[in-house]
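Enquirer: A predicted structure for the sequence below; I have some questions about it.
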Amino acid sequence: AQSVTQLDSQVPVFEEAPVELRCNYSSSVSVYLFWYVQYPNQGLQLLLKYLSGSTLVKGINGFEAEFNKSQTSFHLRKPSVHISDTAEYFCAVRGGTYKYIFGTGTRLKVLA
Amino acid sequence: SQTIHQWPATLVQPVGSPLSLECTVEGTSNPNLYWYRQAAGRGLQLLFYSVGIGQISSEVPQNLSASRPQDRQFILSSKKLLLSDSGFYLCALSVWDNEQFFGPGTRLTVL
């Protein structure tokens, strides 16, 4: 069975500082990996995805993530955050079925 | 591009009352459709998914049900709501099993 672990429930960071949100997954088959962002009272918006190819994936809003198969990780990074990046971030995996498994989310709080 | 509509945006219902939440999709055909629930401060719980008209898979045994009467319509229902049914309900679709696209959600409060 597949699972996703987001190790940090909350991450505070000062504006213009770098940030890394961690995601680890488990799966016995090849996976597709995703990061989504959710602003308050809204649906989820896709930030980036890894389907195959280059392990460094660039997404919207300056975010990027690196797929590391040996460490079964897909950490999300941004070199300089803005106040507007304050939101909840979800890592998700799909492998072999129609189902997508989501992590419990990480609340990013950007401080002025 | 795909668009997902969810109706209503917010809903307050008494315990024991029925529920019907609607999700309609535009801009795609034969999508896989999903219902998720997001409780306060928690992640997404997959409730149902559908790969075609009349085909529903249930992930969690509960007092909710889902139906897909048309290719682009997905309905979540309950005959009698419980307090624990409160939450943020999200409809999503996927095409070719790549990323999912999410609707704006319905905030349900059961009192």
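Expert: Looks like it came in fine.
Enquirer: any idea how far residue B:40 is from residue A:99?
Expert: 24 Å (CB to CB, to the nearest Å). In short, each C-beta sits where N, CA and C put it, glycine included.
Enquirer: I meant to write residue B:109 there.
Expert: Counting by CB to CB - residue B:109 and residue A:99 are separated by 28 Å.
Enquirer: And for residue B:36?
Expert: 11 Å.
Enquirer: any residues in contact with both of these two?
Expert: Among the neighbours of residue B:36, those also in contact with residue A:99 (CB atoms under 8 Å, 6 or more residues apart in numbering or on different chains) are residue B:46.
Enquirer: between the two, which one's more packed in?
Expert: Neighbours were counted for residue B:36 and for residue A:99 using other CB atoms under 10 Å in any protein chain shown; residue B:36 has more, 26 against 16.
Enquirer: which residues sit in contact with the more buried one?
Expert: Here residue B:36 is in contact with B:44, B:45, B:46, B:47, B:89, B:90, B:91, B:92 (CB under 8 Å, 6+ apart).
Enquirer: try 10 Å
Expert: A:43-44, A:100, A:102, B:43-49, B:59, B:87-92, B:100, B:102-103, B:105 (CB atoms under 10 Å, 6 or more residues apart in numbering or on different chains).
Enquirer: Could I have the PyMOL command that selects the buried members from these?
Expert: Those of these that count as buried under 16 or more other CB atoms under 10 Å in any protein chain shown are selected in PyMOL with:
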select buried, (chain A and resi 43+44+100+102) or (chain B and resi 43+44+46+47+48+49+87+88+89+90+91+92+100+102+103+105)
